[in-house]
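Student: I would like to see how this sequence folds:
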Amino acid sequence: TRPFLHAWFEREAEQREVARDELHRLSGWSYLSTAEFRSLVADAVHRLNPPIRDGAFVYELGIGAGAVLKTISSLHRIRPAGCDFSPKAIQ
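Tutor: Residues are numbered from 1 along each chain as shown. Here you go, the predicted model:
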């Protein structure tokens, strides 16, 4: 892990508190509204081949604050999991 990236993520995770529906702001997507971020993720998910099916395990490497998995969970009944190098981001 690059030290500057890790330090940035830790700093961001410590200093910001956002509503649960705005987790994307903690992962560097703050220039998008919640609706724009949701639309972006939904579009990407709908383009997947094979598609995500209800009940599927979805694992995100580099989960950050969990914004993408939270959005996917609102679209499909999935079994989400992930990891990140920043414990503070995951909290």
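Student: Identify the residues contacting the helix or strand where residue 44 lies?
Tutor: Assigned by DSSP states H and E, residue 44 belongs to helix 34-46. Helix 34-46 has contacts (C-beta atoms under 8 Å, 6 or more residues apart in numbering) with 21-22, 24, 29, 32, 51-52, 67-68, 71-72, 74-76. Any C-beta I mention is one placed from the backbone N, CA and C, and that applies to glycine too.
Student: Tell me the helix or strand right after it.
Tutor: strand 57-61.
Student: packing partners for that next one?
Tutor: On a contact count with 3 or more C-beta pairs under 8 Å, 6 or more residues apart in numbering; DSSP states H and E, strand 57-61 meets helix 67-75, strand 79-83.
Student: Report the inter-axis angle for the longest one versus strand 57-61.
Tutor: To tie it back to what came earlier, the one meant is helix 67-75. 160 degrees (axes from the mean of the first three to the mean of the last three C-alpha atoms, to 10 degrees).
Student: Going by neighbour count, which residues in helix 67-75 are buried?
Tutor: If you call a residue buried by 16 or more other C-beta atoms under 10 Å, then helix 67-75 has these buried ones: 67, 68, 69, 70, 71, 72.
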